[in-house]
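In: Take this sequence and fold it.
(one chain, ligands or ions: 2)
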Amino acid sequence: MNNFLAIFIILSLNGKIFQSTRVKKLPQLIADNTFLIKKNAEPKSEFEVSFDEFKNSLLMNNFSEPTWHQYANFTFYLKITNSIQTKREAGMFLAQIIHESMGLKFKKEIVCKKNECAGSYPVTPGIGNPHKFYYGRGYIQLTWDFNYKEASFDLFNDDRLIQDPDQVADKEEVSWLSAFWFWETKVSIDTGVKMGNFGSSTNRINGILECRGHNLEKARKRFEYYTTILKIFEINEKPKESGCYN
Ligand SMILES: *[C@@H]1O[C@H](CO)[C@@H](O)[C@H](O)[C@H]1NC(C)=O
Ligand SMILES: *[C@@H]1O[C@H](CO)[C@@H](O)[C@H](O)[C@H]1NC(C)=O
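Out: Ligands and ions are numbered 1, 2, ... in the order given. Okay, here's the model as predicted:
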């Protein structure tokens, strides 16, 4: 048992009992106990992504250099959430968020800048706050009130992302956590993804528009990023494209 889990249990015994001990609830403990981050700065994991690999994943896909803080958040939450088990899957994740955020530059859906896309993502009665807008935010562009709600309760055990959806874009940590959360709960559950079929991850993220709709070229672009990243990560296998348009 690592320290982190031990602390989790102690806090639970102190009365902070969550309904579930799923790993993705742990970030709440980080938020409440920032001192823990230092204590647990080096959680064990089977693989590492170095800063150079992270940086080159952007540069060689023709985007500009990421910041050190972006790398630090990526690698920290990659380990601490334990949502991704192999380096290949980390490469898939990175390719997808690079596409979603145009090179880790945009954390709010660009077309929503003017009017917050009023009407595009209608609020579900009883789920969203009718005065808020649930358009794409964060590195994976979390959308729809029901996704904000599920992420909020899974990550923080309260409805903060429903009441203040801008956090997903404005707080760097939440931008990453929402992306890892989405990956863990909506993408990596796909058996195709687990088998390393990159198209299956695109299908999970934007299949309606990019696998069966009129935007196949976008899905192909995502795969191009992934192909570059596999080389940078020195994963010697032919990248598998299937699961989306083929
Ligand atoms: C990056 O730019 C080079 C040179 O213009 C081009 O050959 C390559 O296809 C581009 N890569 C991506 C992923 O867009
Ligand atoms: C995440 O990024 C923020 C903002 O740049 C930074 O303050 C914070 O220290 C980073 N977190 C980690 C775990 O590196």
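In: Find the closest residue to ligand 1 in the chain.
Out: Here the chain gets closest to ligand 1 at one residue, residue 62, 3.9 Å apart by Cβ to the nearest ligand atom. (C-beta placed from N, C-alpha, C; glycine too.)
In: That residue: neighbour count?
Out: By other Cβ atoms under 10 Å, the residues close to residue 62 number 9.
In: Please identify the helix or strand for it.
Out: Here residue 62, judged by DSSP states H and E, is contained in no helix and no strand.
In: list the contacts for it?
Out: If you count contacts by Cβ atoms under 8 Å, 6 or more residues apart in numbering, residue 62 has none.
In: Next, the buried residues of the lengthiest helix in the chain.
Out: Identified as the longest helix of the chain according to DSSP state H is helix 216-232. For helix 216-232, the neighbour count (16 or more other Cβ atoms under 10 Å) marks 218, 219, 221, 222, 223, 225, 226, 227, 228, 229, 230, 232 as buried.
In: and the fifth one, how far is that from ligand 2?
Out: Relative to ligand 2, residue 223 is positioned 29 Å away (Cβ to the nearest ligand atom, to the nearest Å).
In: how near is that residue to residue 174?
Out: 28 Å (Cβ to Cβ, to the nearest Å).
In: go on, the first one?
Out: Separation of residue 218 from residue 174 (Cβ to Cβ): 25 Å.
In: Repeat that for the third one.
Out: To residue 174, residue 221 is 26 Å away according to Cβ to Cβ.
In: Confirm residue 91 sits in a helix?
Out: Yes - assigned with DSSP: H, G, I helix; E, B strand; the rest coil, residue 91 falls within a helix.
In: Report pLDDT for it.
Out: Residue 91 carries a pLDDT value of 98.
In: ditto for residue 30
Out: pLDDT, residue 30: 54.
In: Same check on residue 24?
Out: Looking at residue 24, its pLDDT is 44.
In: quick one, phi psi at the residue of the chain closest to ligand 1?
Out: Main-chain dihedrals, residue 62, degrees, to the nearest 10: phi 70, psi 30.
In: Show the model's pLDDT score for it.
Out: 98.
In: Please report how far it lies from residue 73.
Out: Separation of residue 62 from residue 73 (Cβ to Cβ): 22 Å.
In: residue contacts, the residue nearest the centre of the chain?
Out: Nearest to the geometric centre of the chain sits residue 179, at 1.5 Å (Cα atoms, centre = their mean). By Cβ under 8 Å, 6+ apart, residue 179 lies in contact with 93, 97, 138, 139, 140, 142.
In: now swap in residue 106 and tell me
Out: Taking Cβ under 8 Å, 6+ apart, one finds nothing in contact with residue 106.
In: Spell out which parts of this structure neighbour ligand 1.
Out: In this structure, the chain approaches ligand 1 at residues 61, 62, 224, 228, judged by Cβ under 6 Å from any ligand atom.
In: quick one: pLDDT of the last one?
Out: Translated: residue 228. Residue 228 is assigned 98 on the pLDDT scale.
In: Could you do residue 114 as well?
Out: 89.
In: Could you grab the helix/strand/coil label for it?
Out: Per three-state DSSP, the secondary structure class of residue 114 is coil.
In: burial count for it?
Out: 7.
In: Just the buried positions in the helix or strand containing residue 204, please.
Out: When elements are assigned from DSSP H and E, residue 204 belongs to helix 198-210. For helix 198-210, burial by neighbour count (16+ other Cβ under 10 Å) applies to 198, 199, 200, 201, 202, 203, 204, 205, 206, 207, 210.
In: need the contact list for residue 78.
Out: Neighbouring residues of residue 78 by Cβ under 8 Å, 6+ apart: 45, 49, 84, 90, 180.
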